[in-house]
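Peer 1: I would like to see how this sequence folds:
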Amino acid sequence: MRKIEFKYNKELFEKAHRFVEFRSKCKVYLKEAGKDFDKFTIVEHDAFVGYITEYLIAEYLNKRYNFIKVSTWEQNHNIRKIINILETKDFSEQNVSLVKNYFYDSWDLKIQISDKTLYCDIKTAYTKKEPDLKWNFLYPVIQANKKGKDFIILVYYIVEDLKNVESLKELVLIGYTMPEIILSCQIIKAGEITEFNTTSQIDNYITNLSEHYLDL
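Peer 2: The predicted structure is shown next:
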């Protein structure tokens, strides 16, 4: 478990807000094109938190391991072209496919090691509490069974105020795990009560922070 200290970065937060607006426009476009297939229920801050986390983890990995090159899903797409498609409302089959393939991402980070490429999914937990290695993390079944990733990184996004996504204090990088490990875990069904006395909204695999994640 590693803590990544964070100081307020106005430029990064502004980029994250623009990203949220861009994702919303993509969703509207896909709905109008009849290609809006929600993967599962998300909360309002997910896109913002995801953008910040992916950016900072990519930066962390690039600095820590000088023999690899890490890039985000966003950096691997022609965003200017997608923006133009959204603005012109061009619903040609090719353009709809381009926006759909971008919006329904297959992975979060691409990691190049010499001539080998690995794809990583980042899961982020949004909380005020410092994580305890005795905790469990609920990993959505629908995502665990999605192809296209070689490993998963788990991160906790620690804030001063749960109502303010910009009150980020630090990221806590729990570690990484493999899809086959996730798939071997017990499932908690939608409607069942979690260890924190909340109700699981969807089917999730119960992963343990100390048992199922390795240091990175």
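
Peer 1: Could you count how many residues lie near the nearest residue to residue 190 once chain neighbours are set aside?
Peer 2: Nearest residue to residue 190, sequence neighbours excluded (C-beta to C-beta, 6 or more residues apart in numbering): residue 202, at 5.1 Å. In short, each C-beta sits where N, CA and C put it, glycine included. Other residues within reach of residue 202, judged by other C-beta atoms under 10 Å, total 15.

Peer 1: tell me the strands in the protein, going along the chain?
Peer 2: Ranges of strands in the chain, per DSSP state E, are 2-5, 69-72, 109-113, 116-127, 136-140, 151-159, 168-177, 187-188, 204-208.

Peer 1: So for the shortest one, mean pLDDT?
Peer 2: Confidence for strand 187-188, expressed as mean pLDDT, is 96.

Peer 1: hmm, who's touching that strand?
Peer 2: 138, 141, 194, 200, 203, 204, 205, 206 (C-beta atoms under 8 Å, 6 or more residues apart in numbering).

Peer 1: Can you pick out the most distant pair from the residues you listed?
Peer 2: 141 and 194 (14.5 Å; C-beta to C-beta).

Peer 1: Name the residues of the helix-or-strand element of the chain with minimal mean pLDDT that come out as buried.
Peer 2: In the chain, no helix or strand scores lower on mean pLDDT, DSSP states H and E than helix 141-144, which sits at a mean of 88. Buried residues in helix 141-144, counted by 16 or more other C-beta atoms under 10 Å: 141, 143, 144.

Peer 1: swap in stretch 11-18?
Peer 2: Taking 16+ other C-beta under 10 Å as the criterion, stretch 11-18 shows 12, 13, 16 as buried.

Peer 1: Just the residues you listed: which are in helices?
Peer 2: 12, 13, 16 (DSSP state H).

Peer 1: Dump the residues you listed to TSV, plus pLDDT and distance to residue 66.
Peer 2: As requested, those are exported to TSV (pLDDT from 0 to 100; distance: C-beta to C-beta, whole Å):
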residue	pLDDT	distance to residue 66
12	96	23
13	96	28
16	95	27
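
Peer 1: which one of those residues sits closest to residue 28?
Peer 2: Among these, and counting by C-beta to C-beta, the member closest to residue 28 is residue 16, at 19.3 Å.

Peer 1: Is it correct that that closest one is in contact with residue 51?
Peer 2: Yes: between residue 16 and residue 51 there is a contact at 4.4 Å, judged by C-beta atoms under 8 Å.

Peer 1: Could I get the contacting residues of residue 117?
Peer 2: Neighbours of residue 117 in contact, by C-beta under 8 Å, 6+ apart: 110, 111.

Peer 1: Please renumber the chain so that the first residue is 7 from this point on.
Peer 2: Yep, numbering from 7; the last one is residue 123 now.

Peer 1: so it bridges to which residues?
Peer 2: Counting by DSSP bridges, residue 123 forms beta bridges with residue 118.

Peer 1: do the same with the one 4 residues further on
Peer 2: Residue 127 has these beta-bridge partners by DSSP bridges: residue 158.

Peer 1: Tell me who's in contact with it.
Peer 2: 113, 114, 149, 155, 157, 158, 159.

Peer 1: hang on, the earlier thing: format the buried residues of helix 147-150 as a markdown table; extra columns: distance to residue 7.
Peer 2: Formatted as a markdown table, the buried residues of helix 147-150 follow (distance: C-beta to C-beta, whole Å):
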| residue | distance to residue 7 |
| --- | --- |
| 147 | 25 |
| 149 | 22 |
| 150 | 22 |
